[in-house]
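Below: sequence and its predicted model.
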Amino acid sequence: LRVEFRLWDVLAGKEMMALAFTTVPNNWRRVGHIITDKVYERLTGEKGYFDTRIIYVAEEGPKTKRIKKLAIMDQDGANNKFLTLGNELVLTPRFNPTSQMVTYLSYFRNLPRVYLLDIETGMQEVVGDFPGMTFAPRFSPDGKKIIMSFAKDGNSDIYTMDLENRIVEKITNHPSIDTSPSYSPDGKYICFNSDRSGYQQIYIMNSDGSNVKRISFGRGLYGTPVWSPRGDLIAFTKLHKGKFYIGVMRTDGSGERLLTENFYQEAPSWSPNGRVLIFYRETKTDNEGKGFSAKLWSIDLTGYNERLVETPTDASDPSWSSLLTN
Amino acid sequence: MKLNKILKKAFLVTVACLVLSACATSKKTGQMQGDVYSGTDTVEYLASGVPDRVFFATNETVLTTAARETLRKQAAWLRKNSKITIVLEGHADERGTREYNLALGERRANAAKDYLMTYGISSDRISVLSYGKERPVDSGSNPLAWSKNRRSVTVKAN
């Protein structure tokens, strides 16, 4: 299959861009996405997000006995593939910067621990040797460390583990719950969720754990802070008066902007160019407890273009990959 | 005049009593005290008269008076049956973010563990497992369902 494309500026009457690809016919969608990214970049001056994948948790079964599997698909919902069988509960998968590895929480043998999965080989391993639950994992921006929470004796603190030398470092040390850590793209700072003020709020600190500062001061509870790939914003979930919001604020906590309100939604993840957020939304059940569903949704940073991301089953905990071709 | 005033007061007191008793009844049918579940719908028993679970207020990990009473019964039962080991399974309701709820469930189960330990149960016999909001017992999206789901359940491990 040979694909050629030209981008024509109608007003100037000039060709802006032209490219040609040769590929196997099965690859036509991928080529389409790569071309779309090129056009997007030429027109907006920013990288696109079309040739990307989403890893998420596929859900089935009654609310009280949900079966959950890791699943991966293209950003538009095509090429869906399950990565685990559903024998054990799995939660919160996140890509590494090259999108080849995934870190997630598995209840394998009823021991909730952070795992590492190589998507190509299917190899899995436990991250570290912790005498209790580890959860809320993410990669550092260089992909060399995993940052996560470790819960012991009713107290959750944030730790990192270096994937090369296996050295574990304790980053926070506070009797409150510290969780949902996320690095700034330069690796110098970490935003996280803590209830040290009495309720869930968003904090930032230096990557060594020093200089902890609370940044969320609006009404309500704040959770799941995620640093944008551009570095200037933090996306979050907010709970206020029984409603859940996905929003963004600057890294000093100013300029809070709520993008969407619903009965229940959380866990935003950024598109690699920082223009779109994907998250999951759960429905309210009726008086018999029926009618539950969980779905992935995306919304532009502008607050417009909210849309359902189609998945073969119910879905939650999405994580957006980096651009697969640059 | 005076008699009239006294009668008025008596009437007000009567009304207040009626209102209070109405509240008490509605609490009973609602099976909640404040927002803590106080019914027995979902409760199972480890032995006769020994309930298997305790309930928590929203976002709270503090043991209520009722929870402490249940745990004292569990401790007495565990002292009598010294070979039994247990898992304390901590849970949260669906009205919180997943990761925070995992930590909250762990903290709730540990509150129960600490209390059992002060009543002489060795920590060797207790393990703790948080499910966060992953395993609700009631699939409803209402305050009563949520109150049943905010719990720590003592499960026999052997």
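Sure, I can see it.

Identify the residue nearest A:Arg2 in space, chain neighbours excluded?
Nearest non-adjacent residue to A:Arg2, counting by C-beta to C-beta, 6 or more residues apart in numbering or on different chains: A:Thr22, 5.1 Å away. The way it works is simple: take the backbone N, C-alpha and C, and place the C-beta from them, glycine included.

Can you read off the backbone torsions of that neighbour?
phi -120, psi 130 (degrees, to the nearest 10).

roughly how far apart are A:Phe95 and A:Lys69?
Applying C-beta to C-beta, to the nearest Å, the value for A:Phe95 to A:Lys69 is 17 Å.

for A:Ser228, same thing?
Using C-beta to C-beta, A:Ser228 is found at 29 Å from A:Lys69.

Looking at those two, which one has more neighbours?
For A:Ser228 versus A:Lys69, neighbours defined as other C-beta atoms under 10 Å in any protein chain shown are more numerous around A:Ser228 (22 against 19).

Please name the nearest non-neighbouring residue to the more buried one.
A:Ser228's closest residue in space is A:Gly274 (C-beta to C-beta, 6+ apart), at 4.5 Å.

all helices of chain B, in order?
Ranges of helices in chain B, per DSSP state H, are B:2-30, B:65-80, B:98-118, B:143-149.

Mean pLDDT lowest where, among these?
Among the helices of chain B, helix B:2-30 has the lowest mean pLDDT, at a mean of 50.

Quick check: the residue nearest to A:Ser228 is in a strand.
No. The assignment for A:Gly274 is coil, going by DSSP: H, G, I helix; E, B strand; the rest coil, so no strand is present there.

Number of residues surrounding it?
Neighbours around A:Gly274, by other C-beta under 10 Å: 21.

From the rest of the structure, what touches stretch B:112-128?
Outside stretch B:112-128, the residues within contact range by C-beta atoms under 8 Å, 6 or more residues apart in numbering or on different chains are A:132, A:154, B:54, B:63, B:67-68, B:71-72, B:74-76, B:78-79, B:84-88, B:90, B:106, B:109-110, B:152, B:154, B:157.

Just the buried residues of these.
The neighbour-count test (16 or more other C-beta atoms under 10 Å in any protein chain shown) marks A:132, A:154, B:54, B:63, B:67, B:71, B:74-76, B:78, B:86-88, B:90, B:106, B:109-110, B:152, B:154 as buried among the contacts of stretch B:112-128.

Check the gap between A:Lys69 and A:Ile119 for me.
Relative to A:Ile119, and taking C-beta to C-beta, A:Lys69 is found at 14 Å.

hmm, I was thinking of A:Asp153
35 Å.

is it true that the residue nearest to A:Arg2 touches A:Leu1?
Yes. Contact criterion C-beta atoms under 8 Å: A:Thr22 and A:Leu1 qualify, at 7.1 Å.

Can you name the residues of chain B that neighbour chain A?
B:59, B:61, B:94-100, B:102-104, B:106-107, B:109-111, B:114, B:128-130, B:134-142, B:145 (C-beta under 8 Å from any C-beta of the partner chain).

My reading is that A:Ala151 is in a strand; is that accurate?
Yes. If the criterion is three-state DSSP, then A:Ala151 is within a strand.

Show me what it is bridged to.
Beta-bridge partners recorded for A:Ala151 (DSSP bridges): A:Ser156.

Could you do A:Leu105 as well?
Bridge pairing for A:Leu105 - DSSP bridges - gives A:Leu91, A:Val114.

Any idea which residue is closest to the centre of chain B?
Geometric centre of chain B, nearest residue: B:Phe55, 2.0 Å, by C-alpha atoms, centre = their mean.

State the pLDDT value of the closest residue to it other than its chain neighbours.
Once flanking residues are discounted, B:Phe55 sits nearest to B:Tyr37: 4.2 Å by C-beta to C-beta, 6+ apart. You'll see B:Tyr37 listed with a pLDDT of 97.

One more: the one 4 residues further on?
In the prediction, the pLDDT value recorded for B:Asp41 is 91.

Count the neighbours of it for me.
Neighbours of B:Asp41 using other C-beta under 10 Å come to 10.

swap in B:Met32?
20.

Skipping adjacent residues, who's closest to it in space?
Closest residue to B:Met32 apart from its sequence neighbours, by C-beta to C-beta, 6+ apart: B:Ser147 at 5.4 Å.

For A:Ala267, the count of nearby residues, please.
27.

Give the next helix or strand downstream of the strand or helix carrying it.
Using DSSP states H and E, A:Ala267 falls within strand A:265-270. Using DSSP H and E, the helix or strand that follows strand A:265-270 towards the C-terminus is strand A:276-282.
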